[in-house]
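S.K.: The sequence and its predicted three-dimensional model are supplied below.
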Amino acid sequence: MKTPRKGFRQMVDEAKSRITTISLEEAKTRLGTDRVVFVDLRDIRELEREGMIPGAFHCPRGMLEFWVDRDSPYHKDVFASDKEFVFYCNGAWRSALAADVAQQMGLEPVLEMAGGFTAWKNAGYPVVERASKSRS
């Protein structure tokens, strides 16, 4: 028997039912506090084109599971910190899926920012250029 197909919209809706989403305003009040890490899940090309939230940690969506897992050879110490994580992407689809997965992996507390980076930028909130890496 064939397994019923789930589209991305259903998967995002299911993820959103299991995670906590905060408003842009709530996210902005957390910006610059030592206890909060903004996690930018967008592709590097999006960061280079659009910029990012000041102080955000870039974690490409495809690396999240590997960077969160302490047993992974790719683990990043930022995810072992005792901080609150605010996930965002461009429009809050990838961040919903990522927040759901991160919670399943035991990362907490994890929040998703409503509207994503597009809404943040449109609200006139702070944006910085991605720091470029020197190519030698």
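M.R.: On my side now, so go ahead. Numbers count the residues shown, from 1 in each chain.
S.K.: Let's see the pLDDT reported for residue 133.
M.R.: What the model reports for residue 133 is a pLDDT of 57.
S.K.: can you check residue 3 too?
M.R.: Predicted confidence (pLDDT) for residue 3: 80.
S.K.: Now do the same contact list for the residue nearest the centre of the chain.
M.R.: By CA atoms, centre = their mean, the chain has its centre lying nearest to residue 87, at 2.7 Å. The contact partners of residue 87, taken as CB atoms under 8 Å, 6 or more residues apart in numbering, are 39, 41, 95, 98-99, 102, 110-113. Every C-beta, even on glycine, is put in place using the N, C-alpha and C of the backbone.
S.K.: Now, of those, which are buried?
M.R.: Among the contacts of residue 87, those scoring as buried are 39, 41, 95, 98-99, 102, 110-113 (criterion: 16 or more other CB atoms under 10 Å).
S.K.: which one of these is nearest residue 33?
M.R.: Taking CB to CB as the measure, residue 33 sits nearest to residue 111 out of those, at 13.0 Å.
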